[in-house]
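Visitor: Provided below are the primary sequence and the corresponding predicted coordinates.
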Amino acid sequence: MVPEDLYTLIRRRTAVLRVSLKFDDIIYSRASMHMGNKILFYPNGDRSLTPVPASIEYIYGTLTGEMLFAVQRHLPLDLHNRTIDSFSMYPDFPAKLYSANFQSRLEKVKVSWVVSH
């Protein structure tokens, strides 16, 4: 049986779950195995959008055998706590600070959408 938060995302009670996945010579692991194991991905695979950081909560297989990630996105930086994004003064350098906190809901991410690991 899949965990309740994953069920909410995939709407199936059973799925093949993995702790790691090797794809194009890169090994991805769940956050429970390696806390610093973050990814940057294009939302919905749309490369015209800015990649967003996320944590891999689950690696699971679909009914067709495709392996996907169930991730939690990092929240945007909370400007109320007076944290300054030190990268904001460099408009030609595409970096940005994010919160260490995560969105509560899981999101499906195809491995091909990942741009950095």
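Guide: Received it, and whenever you're ready, just let me know what you need.

Visitor: How far does stretch 2-22 sit from its chain's centre?
Guide: Remark: stretch 2-22 is offset 14 Å from the chain centroid, using Cα atoms, centre = their mean, to the nearest Å.

Visitor: hey, where'd the helices end up in this structure?
Guide: Ranges of helices in the chain, per DSSP state H, are 4-10.

Visitor: The residue lying closest to Leu75 once chain neighbours are set aside: what's it in contact with?
Guide: Leaving aside its sequence neighbours, Leu75 sits nearest to Ser99 (Cβ to Cβ, 6 or more residues apart in numbering; 4.2 Å). Any C-beta I mention is one placed from the backbone N, CA and C, and that applies to glycine too. Shown in contact with Ser99 (Cβ atoms under 8 Å, 6 or more residues apart in numbering): His74, Leu75, Pro76, Leu77, Asp78.

Visitor: Just the buried subset of those, written out for ChimeraX, thanks.
Guide: Provided next is the ChimeraX selection string for whichever of the contacts of Ser99 are buried by 16 or more other Cβ atoms under 10 Å:
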select :74,77
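
Visitor: Now pLDDT too, for the contacts of Ser99, in a markdown table please.
Guide: Formatted as a markdown table, those follow (pLDDT from 0 to 100):
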| residue | pLDDT |
| --- | --- |
| His74 | 91 |
| Leu75 | 89 |
| Pro76 | 85 |
| Leu77 | 82 |
| Asp78 | 74 |
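
Visitor: Among the contacts of Ser99, name the ones in strands.
Guide: His74, Leu75, Pro76 (DSSP state E).

Visitor: Please tabulate these in JSON lines, including the columns distance to Asn44.
Guide: JSON lines is the format used below for the ones in strands among the contacts of Ser99 (distance: Cβ to Cβ, whole Å):
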{"residue": "His74", "distance to Asn44": "17"}
{"residue": "Leu75", "distance to Asn44": "19"}
{"residue": "Pro76", "distance to Asn44": "18"}
